[in-house]
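Chemist: My questions are about this predicted structure, shown below with the sequence.
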Amino acid sequence: MGDERGALGRRAMLTGGALAAGAAGLGMAAGPAAARTAPAPQAGRAQRRYEGKVVVITGATSGIGRAAAIAFAREGAKVGFCGRRENLGREVQAEIRRQGGEATYIRADVRRPDEVKSFVDRVARRYGGLDVALNNAGIQTFKPLRDQTVEEFDATLETNTRGVFLSIKHQVPHMEEKGGVILVTGSSNEFASRPGLSSYSASKGGVSGIVRAAALELGPKIRVVSLAPGTTDTAMIDAQRAFYPPMSDEEWRREKARWAQANVDGLKRMATPDEMATAALALASPDMSFQTGVSVLVDGGALAGL
């Protein structure tokens, strides 16, 4: 594993399409505003945090988006989500419904304006409005800048940055009257990048700019926040296995653990998608009612030592 490809892969494993550990540390103690506005619990069971709310999520057929769709539904939300892989979308929808939740998968590509608008409008019509959006769809190009094609660069920004712009553009009309929360999956690469991630870092830096401007434009009724992840163990991380010498699944698992021990300064491990879903639940809740226009770094301490 000492060849140039392996070294490059190890240096670049701190990637962002994923969100890092420690989300539970955000805390969920109810504040005064939450106490004033929370509906009374139904007799016989505790009130779920998102009971009666409508949540729309892009890029929810796998990874963090999938975990978030399941988590919001478990907390009582009606969830409409999209993704390009129909087979995975149907699986997530079925899993949520098996657990007693409500969810609808709609195939949509965030690069296509008409599909984004149709997706958001259909969810709002089906469930009677829109309360929370999680704009999570993203891709990653992992190549040295000089080796990237123009098409690869454009595709990364078109999905990660333009896709966020299109999503927010079509979500706002459904929120501006009664208010809501718009979350965006950013990245720790907004703050510190790695070799091979020039286009990805550029795309996520653009996302943070959109979040700040949108928060100023849409407040006080709509909060806009970027959840900026460090390394989470998702398919986006596993795609970097191609930059290593051939190894077994068990060897790859040990290599990811070794990398995390060496590079995540605080918690010394990668996050799970479920931990990032927990962070999204916290940030979208009334408990965070004074937070908008910021990127919240959730990275397990990876950047604490920089």
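Modeler: Good, I have the coordinates.
Chemist: what packs against the longest helix along the chain?
Modeler: Taking residue count as the measure and DSSP state H as the definition, the longest helix of the chain comes out as helix 198-218. Packed against helix 198-218 by the contact rule (3 or more CB pairs under 8 Å, 6 or more residues apart in numbering; DSSP states H and E) you find helix 150-157, helix 163-171, strand 180-185, strand 222-229, strand 294-298. No exception for glycine: its C-beta is placed from N, CA and C like everyone else's.
Chemist: what does the longest one contact?
Modeler: The reference is to helix 163-171. Taking contacts as CB atoms under 8 Å, 6 or more residues apart in numbering, the residues outside helix 163-171 that touch it are 56, 58, 110-111, 113, 116-117, 120-121, 130, 133, 135, 137-138, 180, 182, 184, 207, 210, 214, 224.
Chemist: If we use 6 Å, what do you get?
Modeler: Helix 163-171 has contacts (CB atoms under 6 Å, 6 or more residues apart in numbering) with 58, 110, 113, 116-117, 120, 133, 135, 137, 182, 184, 207, 210, 214.
Chemist: Run the chain-centre distance for that helix.
Modeler: A distance of 14 Å separates the centroid of the chain from that of helix 163-171, by CA atoms, centre = their mean, to the nearest Å.
Chemist: which stretches of the protein aren't confidently modelled?
Modeler: Filtered on pLDDT under 70, the chain yields the residue ranges 1-46, 235, 237-241, 243, 263-264.
Chemist: and with 80 instead?
Modeler: Counting by pLDDT under 80, the chain contains low-confidence ranges at 1-46, 231-244, 252, 256, 259-265, 305-306.
Chemist: Helices of the protein, start to end?
Modeler: If you assign secondary structure with DSSP H, the helices in the chain sit at 4-11, 32-37, 63-74, 86-98, 113-127, 150-157, 163-171, 198-218, 235-238, 249-263, 273-284.
Chemist: Buried residues in the last one, which are they?
Modeler: Judged by neighbour count using 16 or more other CB atoms under 10 Å, the buried positions of helix 273-284 are P273, E275, M276, A277, T278, A279, A280, L281, A282, L283, A284.
Chemist: No more questions from me, cheers.
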